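Enquirer: sequence first, predicted coordinates after that:
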Amino acid sequence: MSRARLSLGERLNDGEEAIRRAIENKTDNLRVAMPGTIVDFDADVQTATVQPLLKERVGGQWLTLPLLLDVPCFFPRAGGYCLTFPVKAGDECIVLFNDMCIDSWWQSGGIQAQAEIRRHDLSDAMCLLGITSVPQAVTDYSTDSMMLRNEAKSAYVEITDSGVMNIRNNIGDINVDTTQSVNVTAAQNINAEATSITATAQSVSVQASTVSIQAAQTISISANATLAISSSAPLTIASGTSVTVSGPTESSTWN
C-alpha cells in the first residue's frame, strides 16, 4: 500500500505550510483569463462556444478543458452605436472569467442576485475577440495610419498621420445610399476618374465660376424635359469627336 507524500512542513505540523496548501487547492479552481478559439457563434444573442487553448495538468496528465458554452462576446458599443463584424469558427480570442455567477444578469440584464454562489468559474466566461497567437497575427500591419480593413487588406478605410483619408476596395463596389442629401464639400478640387460616370436624377445642377467638360471621344447630354445650359463666365465643352445635346423635341450635334 502506497503512502501519501507529505512535505517536511506537514510532517512537522507546520501551520504555515498547511495554510499554503489550502490556498493552492482553492486557487487551482479559480480562473482569470486564457486564450481560446471560436467553435460556433450565435449572431442573434452574440454569444459563442469557445474551446480553451491551454491544457490543465491533472494527476500528472495534460487534459483539454471542456467547451465553454453561451460565452458573451465583446463588441465596441456605446451611446446608441456599435461596431460589428462577422465571427467565424477558428477565430482566436481571450476568455475572461468573472468574479461571480453571471447567469441571472446575462438572461435578464440589470442588477440581479447570483443564481449560484461561485467565483472565477469556467461557466462565467466572456470573450474578447482580436487577440491572437503569432501564427494568426495581422499581416502588412500599418504603423503610420489607422485602418478599418479586411485581413487581406484588399478593402479598407484609412486615416494617415499626415491627415489623408483613403478608401480602397479591390473586391467589389462602394455604395452610398441615403433617403436624404449627399453633400461633398472641398476647399480645393474634386477629381473623379473612371471608365464611365453616370448621374441619374430628377434635377442636376452644376454651379461654378468656370465649367469645363472635355472628352477624348463623344460627349452626350440628354434630357426628357427641359435642358438648360447657361453660364455668366467661360463655359467649355470639348470633344475629340462630337458633342451631342438632345431633348424631347430637338437635338443638336457639333463636330
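Expert: Here it is on my side, so go on.
Enquirer: and the gap between Ile174 and Val204?
Expert: 21 Å (C-beta to C-beta, to the nearest Å). All C-beta spots, glycine's among them, are computed from the backbone N, C-alpha and C.
Enquirer: what does Ala216 give?
Expert: Taking C-beta to C-beta, one finds Ala216 at 23 Å from Val204.
Enquirer: same question for Asp44.
Expert: If you go by C-beta to C-beta, the gap between Asp44 and Val204 works out to 44 Å.
Enquirer: ok, the two, which is more surrounded?
Expert: Val204 (9 against 5; other C-beta atoms under 10 Å).
Enquirer: and the pLDDT at the more buried one?
Expert: Listed pLDDT for Val204 reads 74.
Enquirer: distance between stretch 56-65 and the chain's centre?
Expert: Distance of stretch 56-65 from the chain centroid (C-alpha atoms, centre = their mean, to the nearest Å) equals 36 Å.
Enquirer: other residues contacting it?
Expert: 51-52, 54-55, 122 (C-beta atoms under 8 Å, 6 or more residues apart in numbering).
Enquirer: could you dump those to TSV with distance to Ile197, pLDDT and secondary structure?
Expert: TSV is the format used below for these (distance: C-beta to C-beta, whole Å; pLDDT from 0 to 100; DSSP: H, G, I helix; E, B strand; the rest coil):
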residue	distance to Ile197	pLDDT	secondary structure
Gln51	51	98	strand
Pro52	54	97	strand
Leu54	56	95	coil
Lys55	59	94	coil
Leu122	58	91	helix
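Enquirer: buried subset of those as a ChimeraX selection?
Expert: Typed into ChimeraX, the next command selects the buried ones out of the contacts of stretch 56-65 (criterion: 16 or more other C-beta atoms under 10 Å):
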select :51,52,122
